[in-house]
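S.K.: sequence and predicted structure below; questions after.
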Amino acid sequence: MNPLPLAAALALLARPAAAEGRPSALSTLRASAGAVGAVPGVGAGVPAAAPAPGADVDLSGQFPTGSRDQGDVGSCHAFASIGLLEAAYFRKYGEHAVFSDADLFLRNTVLNGNVYSGNIADRGYTWNGKPEFKEGGSPSTVLAVGDMEFAIKNGVATAPQYGEFLERYRRYREAEQRTLADIERQRRRDPWYVKLLYNPRTHWARLQKSPTNQRILQNYLMGNDPTLDEQRAATREKLKGFSVVKSLHVTLPSSVNKSPANCAKDGAGRTASVLAELRAGRPVGISYFTDANWGSHVIIITGVRADDKSGLVFKTRNSWGASGNADMSPSDMCKVHGLFSVRER
């Protein structure tokens, strides 16, 4: 293994970052009680300072809770997006606020029909060769779907708890995928009829987008909470002026088979970008390949430290619960195909 030399890494960390103003503001959004794996935070009204040049970086205090758990749902993109927004909110207002991962996933993946969106190879909305929901999407989901932009533009609720949502969502997903399986059987039984006169896939997806059906589904999955729209309006106002910076990087799933030395070399530019964001006091989200079959995952890098081999270790915030935060290193960076971060105004 050939990690990035410590001297070079510290030189990158020592590059001056553009100064960012953090005007004070009062917040009505508070960290919710009972969050999973709560971590000690910085006192309210004290925004996180940028780390000193050459020092280890730990930005975990910007988050209102420890790592949360997506369960068996492909919602890592929503969790990473929410985490970056929560951190940016803390940098702006100097206090923690918890936003709802469930609300963002519901509105920008389920209600907008993305779960029904397969690609040409998937022949409609079958996913992985089966009539399944497309929850996680393609390798560029975070960059293409725009979870963070959606939350900034439309706001995001604060009350719905993911655990309660997850139980209902599993029942809904099971029932819906049985319907998709029936549609696929009809397509195979009457292919010419389907092609010429009626496409049940398109018809079903269109039905789910009707305002009435969307309201019914939201009430089922989130509970009939009349304050959800008020919560979204409040966060929309607080996030006004926030922006998202993203970059796509050309790589292939075969990058997972590269040697550590070659991966570190090929991913050096991405390592430099991550270090620059951390140096500026901003956690950075990464979307990366996990296997050679186009499997992909999204996490947040929250800090960096020197290891005992004169290299670097990136600290992460995953969405697999408190025990799921595996370290990464520069020898993983060639697998990264997307970087993204949030700028507070």
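M.R.: That came through fine. Since this is a predicted model, take the numbers as computed values, not measurements. Numbers count the residues shown, from 1 in each chain.
S.K.: only C-alpha atoms from now on, for both contacts and neighbour counts.
M.R.: Fine.
S.K.: in the stretch 151-300 of the chain, what residue spans correspond to helices?
M.R.: Secondary structure of the stretch 151-300 of the chain, counting by DSSP state H, counting those that start in this stretch: helices at 162-189, 191-196, 200-208, 211-222, 228-238, 260-266, 268-279.
S.K.: what's the local residue count around residue 63?
M.R.: Residue 63 sits with 30 neighbouring residues when counted by other C-alpha atoms under 10 Å.
S.K.: could you do residue 226 as well?
M.R.: Quick note: residue 226 (other C-alpha under 10 Å) scores 9 neighbours.
S.K.: and it, how far from residue 215?
M.R.: The gap separating residue 226 from residue 215 is 12 Å, by C-alpha to C-alpha, to the nearest Å.
S.K.: quick revisit: for the helices of the stretch 151-300 of the chain, which one sits closest to residue 90?
M.R.: Judged by C-alpha to C-alpha, the one of those that comes nearest to residue 90 is helix 228-238, at 11.2 Å.
S.K.: so how far is that closest one off the chain centroid?
M.R.: Relative to the centre of its chain, helix 228-238 is centred 20 Å away, using C-alpha atoms, centre = their mean, to the nearest Å.
S.K.: what does that helix contact?
M.R.: Contact with helix 228-238 is made by 27, 29, 151, 152, 153, 154, 155, 156, 157, 158, 159, as judged by C-alpha atoms under 8 Å, 6 or more residues apart in numbering.
S.K.: surely residue 339 is within a strand?
M.R.: Yes. Per DSSP: H, G, I helix; E, B strand; the rest coil, residue 339 lies within a strand segment.
S.K.: look at it and report its pLDDT.
M.R.: In the predicted model, residue 339 carries a pLDDT score of 96.
S.K.: what's the neighbour count on it?
M.R.: 22.
S.K.: could you number the chain from 49 rather than 1 from now on?
M.R.: Yes, from this point I'll number from 49; that puts the last item at residue 387.
S.K.: mind listing what the residue nearest to it when sequence neighbours are not counted touches?
M.R.: When the adjacent residues along the chain are set aside, residue 387 lies closest to residue 334, with 4.7 Å between them (C-alpha to C-alpha, 6 or more residues apart in numbering). For residue 334, the residues meeting the contact criterion (C-alpha under 8 Å, 6+ apart) are 346, 347, 348, 349, 384, 385, 386, 387, 388.
S.K.: number of nearby residues for residue 260?
M.R.: Applying other C-alpha under 10 Å, we find 11 other residues in the vicinity of residue 260.
S.K.: try residue 237
M.R.: When neighbours are defined as other C-alpha under 10 Å, residue 237 has 11 of them.
S.K.: strands of the protein, start to end?
M.R.: Using DSSP state E, the strands found in the chain span residues 105-106, 291-296, 332-337, 344-354, 360-365, 384-391.
S.K.: most tightly surrounded among these?
M.R.: Neighbour counts averaged per stretch over the strands of the chain are highest for strand 332-337, at a mean of 26; criterion: mean count of other C-alpha atoms under 10 Å.
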